[in-house]
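**Q** Quick one, fold the following:
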Amino acid sequence: MDAAEEREDELWDAGYLGCGELVLQLKARLKAMQGGQLLKLIARDLGAPEDMPVWCKLTGHTLVKACHPEYWIRKKKG
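**A** Have a look, this model is predicted:
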């Protein structure tokens with residue numbers, strides 16, 4: 001996906017939130033979205049490049065693109 005090709009449905013700048021707080025708030029934000037919608041997350045925490053792919057795999061959401069500090073996550077359908 002080229003970020004210019006598709007617009008996010010939501011944008012969240014999580015700043016320097018650490019992994020625990022980041023994933024708790026991320027879970028809540030995705031819960032409020034419709035299945036298939038795209039969230040652009042800005043996460044400056046140095047652990048995010050490792051944490052985001054693993055978290056998405058564990059939760060069933062799709063990490064569409066990752067270019068630290070920006071992550072595009074598609075909410076799973078259903």
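
**Q** can you give me the helices for the protein?
**A** 19-31, 48-59 (DSSP state H).

**Q** Mind putting those helices into TSV with distance to L38, mean neighbour count and mean pLDDT?
**A** Every residue, glycine included, has its C-beta placed from N, CA and C. What follows is the helices of the chain, written out as TSV (distance: least, C-beta to C-beta, whole Å; neighbours: other C-beta atoms under 10 Å; pLDDT from 0 to 100):
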stretch	distance to L38	mean neighbour count	mean pLDDT
helix 19-31	11	15	95
helix 48-59	13	16	97
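
**Q** will you turn the ones you listed into CSV that also has distance to K77?
**A** Shown next, in CSV, are the helices of the chain (distance: least, C-beta to C-beta, whole Å):
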stretch, distance to K77
helix 19-31, 12
helix 48-59, 13
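
**Q** So for H68, which of those sits nearest?
**A** helix 48-59 (4.9 Å; C-beta to C-beta).

**Q** Sweet, I'm off.
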